[in-house]
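Participant: Model the structure of this input:
(chains A and B)
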Protein chains: 2
Amino acid sequence: MRGAGCGGRVDDGENAVADLRLTELHGSLTDRALNSMNFLNEVSHHYPDAISLAAGRPTEEFFAVDDLHRYLDLFAEHLRSQGYDEPSVRRTIFQYGRTKGIVHDLVARNLAVDEGIHVDPEAIVVTVGCQEAMVLTLRALRADPSDVLLAVSPTYVGITGAARLLDFPVLPVTEDDDLATVVKAARADGLRPRACYVMPDFANPSGLSLDLDARHELLQVAAEQDLLLIEDNPYGLFPAEGVDRLPTLKALDTERRVVYLGSYAKTGLPGARVGYVVADQTVEAPDGTTGLLADELSKLKSMLTVNTSPVAQAVIGGKLLANDFSLVAANRRERELYAANLRAITDGLAARFPAGEISWTVPSGGFFVVVTVPFGVDDVLLEKSAHEYGVLWTPMGHFYDGDTPIHALRLSCSAVTPAQIEAALNRLAALITDQLP
Amino acid sequence: MRGAGCGGRVDDGENAVADLRLTELHGSLTDRALNSMNFLNEVSHHYPDAISLAAGRPTEEFFAVDDLHRYLDLFAEHLRSQGYDEPSVRRTIFQYGRTKGIVHDLVARNLAVDEGIHVDPEAIVVTVGCQEAMVLTLRALRADPSDVLLAVSPTYVGITGAARLLDFPVLPVTEDDDLATVVKAARADGLRPRACYVMPDFANPSGLSLDLDARHELLQVAAEQDLLLIEDNPYGLFPAEGVDRLPTLKALDTERRVVYLGSYAKTGLPGARVGYVVADQTVEAPDGTTGLLADELSKLKSMLTVNTSPVAQAVIGGKLLANDFSLVAANRRERELYAANLRAITDGLAARFPAGEISWTVPSGGFFVVVTVPFGVDDVLLEKSAHEYGVLWTPMGHFYDGDTPIHALRLSCSAVTPAQIEAALNRLAALITDQLP
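Facilitator: Numbers count the residues shown, from 1 in each chain, chains lettered A, B, ... in the order given. So this is what the prediction gives:
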């Protein structure tokens, strides 16, 4: 039976005999989306001394191990104040738990306080980070080979990767595209656009935000085209200096058009891996009964991760309790740090390139600045930059489908100090200057 | 565009207007596997006063909130002893982490101490419970519409559910089937059997174990048929009184035929949601380079949950450290409790049915006893049992594909006291006696 090609040995006729062939495993494993993350991680491991303007992880400035103990105790105390006896407190934190989560009510209060979003806690599914929320939502929606997901391009690699895992084709919607036209064209091609993925606030990777009019218009198009919107909002609490936050699509959504994805990785504690999805859409079963989309996502979750670690949820719950449900309040120092760093990057670029040789975005918040240059930016240039110049960044090509060369790179301000930014920009300027014609 | 059927409103012509139709969502959502878990949960919520011999969750007898603090501190201390400075300790526990996990080395030591399994820590992926380990493994293997998964029947509902999520058909292998014959027949039908899922120790739901000869034979068939085995071992540490543990398939596996799934839900702390997969198989890429299957699973994980909560991993890591890497040692009390309960159930059945009206398994360990009765056992009978007799159990039909009526029910010994077992068996005996012809 050897060579029958079914999970078996590979004998290439020479010495090496592998157990499996990559080409016989799921297609996503040879896909760019899944390998780009790996490549970027490898580069940063290979050049540990390079300064990283690539990493989008949150600042580590304010981590304190004691907070974990405090948050756990606060959550246990909260349960007691809700009438839980000691065995129930222990059971809630230690045992398998409710599939939709044990801090859903606290998440709902957080959304009300920080976002003006008012939803039934039953419409919330607490997930293993926002990534699982994406996978659950896409898994529910991808039902037929003609289904496609629309996504604003350039696109966060996490949504592309989640789609690849589910063999869910992604149709990019560029800045210049009219969403309604894209939807109509897809339908004319026999496709079923199931939803459009958007990050309206300080998007990853573009750094761009939708203004209030664009938000209303997007909801209007969604209504006219009978389309769901998947709103992802990891950076909304981090506007730049002097910038006011705008209402999320979900806060403006009166027709349940928006599935809202939430992350506590940047605002709570990344190591808890707790996120959530608000899915208040009603779903009609063949027998005429109606339930919530959240309950369908919960069924999927029961077969994906069973439930989100109650211990991890307790930590996030404790942080919410410690801050009267406001992560705006909890993140005052982080907001200042990111805003100052963002400004240091854009000011630093202006100081180094006064003559307009290159251009860059000046985002109204978030972690990311996109620099456009008059030459191709690819993985080879990144390796050169890491090796010869000691600075890391992300080629924007990683956020586009297709092979069109992209002449831009993404800089992140979140995991560096002001001194590192100055040094990194010096190195980057040297690289860019050496590449200019 | 309304009624175009794409994530839009449903207007049934009367008053109710739902946002989505269930039939337009992924097929798994209307599948028995995903709904059976839900149904069973609902029954137990509806009848909170019924005694549950249905729940397979671990005992809550020894949970202590202080342990969380102790384990977190132990893990932090361990990092310091490994040379981590304070920022690195904080980063490891708080930040996004290594995709394959931060306690992989401790898991490897645990496997060596408790199971005699010796693997490179790099071949381990720490997962969000064993359920994510199943999803990752099945996702990697399911590459083509002709792929099928073999699974010993009756089958754990978690593997069936994971397969449904990935549109991966499951071919049952019954007790009477010869595995090699099933594989050959599937191949003759143009199918690609990718792996066979087995739980060799005190299986859920059958309670049965493979003896040592059967284990060697299974590995032999796998080698001859060029088939991977997926070994799931959540209950192996809980043999009955006087029973010796047998080596796992993975401990006997000299040819990397076995992908080993591990769970810390029953032996560690369910609320941590930490499991793992040992995937030491080599994978050859088209360019001739060879890597580990674990690294391919890691790529998938980066798009499924990014990483397993480092906080939760730290808790499990601390428990491993606290017990010199032996969960056999850590679970002495639990083992005794389960063994005594298991015996109380089988002895209790023998006392109540001395005349052979029904039969039951006498497992050599684990949580589950299967009772065979001379009448149909379905969800209707379960509801009647809950409502009129005040006792819950699981219809064995939930563990079979297809609609053949199954005349058996599963009893679980793990989450009840001896007094509850006595009362529950009295109630169950009344139900059964009333059903007998």
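
Participant: touching chain B at all, stretch A:22-36?
Facilitator: Yes. Against chain B, stretch A:22-36 shows contacts by C-beta under 8 Å from any C-beta of the partner chain at A:22, A:23, A:24, A:25, A:26, A:27, A:28, A:29, A:30, A:33, A:34, A:35. C-beta: built from backbone N, CA, C; applies to glycine.

Participant: Would you point out the most distant pair within those residues?
Facilitator: A:24 and A:33 (19.7 Å; C-beta to C-beta).

Participant: secondary structure class for the residue lying closest to residue A:421 once chain neighbours are set aside?
Facilitator: Leaving out its chain neighbours, the residue that sits closest to residue A:421 by C-beta to C-beta, 6 or more residues apart in numbering or on different chains is residue A:344, at 4.8 Å. For residue A:344, the secondary structure call by DSSP: H, G, I helix; E, B strand; the rest coil comes out as helix.

Participant: how many neighbours does residue A:344 have?
Facilitator: Using other C-beta atoms under 10 Å in any protein chain shown, residue A:344 has 19 other residues around it.

Participant: List the contacts of it.
Facilitator: Residues near residue A:344 by C-beta atoms under 8 Å, 6 or more residues apart in numbering or on different chains: A:413, A:418, A:421, A:422.

Participant: Which pLDDT value belongs to it?
Facilitator: What the model reports for residue A:344 is a pLDDT of 98.

Participant: still on that earlier bit, so for residue A:24 and residue A:33, which sits in the more crowded spot?
Facilitator: Neighbours per residue (other C-beta under 10 Å) separate residue A:24 from residue A:33, with residue A:33 holding more: 23 against 20.

Participant: buried sites along the strand or helix carrying that one?
Facilitator: Assigned by DSSP states H and E, residue A:33 belongs to helix A:32-46. In terms of neighbour count (16 or more other C-beta atoms under 10 Å in any protein chain shown), helix A:32-46 has its buried residues at A:32, A:33, A:34, A:35, A:36, A:37, A:40, A:43.

Participant: Flag the least confident of those residues.
Facilitator: Within those, residue A:37 has the lowest pLDDT, namely 78.

Participant: Quick one: residues contacting the closest residue to that residue other than its chain neighbours.
Facilitator: Closest residue in space to residue A:37, ignoring its immediate chain neighbours: residue B:302 at 5.4 Å, by C-beta to C-beta, 6+ apart. Listed by C-beta under 8 Å, 6+ apart, the contact partners of residue B:302 are A:34, A:37, A:38, A:161, B:99.

Participant: cool, and residue A:64?
Facilitator: Counting by C-beta under 8 Å, 6+ apart, residue A:64 touches residue B:90.

Participant: so what pLDDT did it get?
Facilitator: So residue A:64 comes in at 93 (pLDDT).

Participant: those strands in the stretch 201-350 of chain A, which residues are they?
Facilitator: Secondary structure of the stretch 201-350 of chain A (DSSP state E, counting those that start in this stretch): strands at A:228-232, A:258-263, A:274-278, A:282-284, A:290-292.

Participant: For these, give me CSV that also has mean pLDDT.
Facilitator: Shown next, in CSV, are those (pLDDT from 0 to 100):
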stretch, mean pLDDT
strand A:228-232, 98
strand A:258-263, 98
strand A:274-278, 98
strand A:282-284, 97
strand A:290-292, 97
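
Participant: Same list (the ones you listed) but as TSV, adding mean neighbour count.
Facilitator: Output for those, formatted as TSV (neighbours: other C-beta atoms under 10 Å in any protein chain shown):
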stretch	mean neighbour count
strand A:228-232	25
strand A:258-263	27
strand A:274-278	29
strand A:282-284	21
strand A:290-292	17
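
Participant: I'd like these as TSV, with distance to residue A:311 appended.
Facilitator: What follows is the strands of the stretch 201-350 of chain A, written out as TSV (distance: least, C-beta to C-beta, whole Å):
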stretch	distance to residue A:311
strand A:228-232	26
strand A:258-263	19
strand A:274-278	10
strand A:282-284	31
strand A:290-292	26
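
Participant: Please identify the residues of the stretch 51-200 of chain A in proximity to chain B?
Facilitator: Proximity of the stretch 51-200 of chain A to chain B, by C-beta under 8 Å from any C-beta, involves residues A:57-58, A:60, A:63-65, A:68-69, A:72, A:76, A:87, A:89-91, A:93-97, A:128-129, A:131-132, A:135, A:139-143, A:158, A:161-162, A:164-165, A:183, A:187, A:192-195.

Participant: Could you tell me which of the residues you listed count as buried?
Facilitator: By neighbour count, with 16+ other C-beta under 10 Å, these hold A:57-58, A:63, A:65, A:68-69, A:72, A:76, A:89-91, A:93-97, A:128-129, A:131-132, A:135, A:139-143, A:158, A:161-162, A:164-165, A:183, A:187, A:192-195 as buried.

Participant: Break chain A down into its structural domains.
Facilitator: A:27-56+A:332-435, A:66-325 (automatic domain parsing).

Participant: winner for burial among those?
Facilitator: Stretch with highest mean neighbour count among the domains of chain A: domain A:66-325 (a mean of 21; mean count of other C-beta atoms under 10 Å in any protein chain shown).

Participant: CSV please, covering the domains of chain A and showing distance to residue B:381.
Facilitator: Converted to CSV, the domains of chain A look like this (distance: least, C-beta to C-beta, whole Å):
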stretch, distance to residue B:381
domain A:27-56+A:332-435, 43
domain A:66-325, 22
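
Participant: Out of those, which gets nearest to residue B:123?
Facilitator: Of the domains of chain A, the one closest to residue B:123 (C-beta to C-beta) turns out to be domain A:27-56+A:332-435, at 16.8 Å.

Participant: circling back: relative to residue A:411, how far out is the residue nearest to residue A:421?
Facilitator: Separation of residue A:344 from residue A:411 (C-beta to C-beta, to the nearest Å): 11 Å.

Participant: Centre of the chain to whichever strand or helix holds residue A:351, how far?
Facilitator: Using DSSP H and E, the element containing residue A:351 is helix A:332-352. Counting by C-alpha atoms, centre = their mean, to the nearest Å, helix A:332-352 is centred 21 Å from the centre of its parent chain.

Participant: ok, now stretch A:227-241?
Facilitator: The answer for stretch A:227-241 is 10 Å, by C-alpha atoms, centre = their mean.

Participant: and if you look at stretch A:321-330?
Facilitator: The answer for stretch A:321-330 is 22 Å, by C-alpha atoms, centre = their mean.

Participant: what does stretch A:39-47 give?
Facilitator: Offset of stretch A:39-47 from its chain centre (C-alpha atoms, centre = their mean): 20 Å.

Participant: Also stretch A:315-326?
Facilitator: Chain-centre distance of stretch A:315-326: 22 Å, with C-alpha atoms, centre = their mean.

Participant: quick one, strands of the stretch 51-200 of chain A?
Facilitator: Applying DSSP E, counting those that start in this stretch to the stretch 51-200 of chain A gives strands spanning A:51-52, A:124-128, A:147-152, A:170-173, A:192-198.

Participant: What residues does the stretch 251-400 of chain A have near chain B?
Facilitator: Residues of the stretch 251-400 of chain A found near chain B (C-beta under 8 Å from any C-beta) are A:256, A:265, A:269-274, A:281-286, A:288, A:290, A:293, A:296, A:299-300, A:302-312, A:315.

Participant: sorry, back to before: pick out the most distant pair among the contacts of residue B:302.
Facilitator: A:161 and B:99 (12.0 Å).

Participant: re the thing from before, would CSV of the strands of the stretch 51-200 of chain A with mean pLDDT and distance to residue A:376 be doable?
Facilitator: Listed next are the strands of the stretch 51-200 of chain A as CSV, based on pLDDT from 0 to 100; distance: least, C-beta to C-beta, whole Å:
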stretch, mean pLDDT, distance to residue A:376
strand A:51-52, 96, 22
strand A:124-128, 98, 37
strand A:147-152, 97, 23
strand A:170-173, 96, 20
strand A:192-198, 98, 27
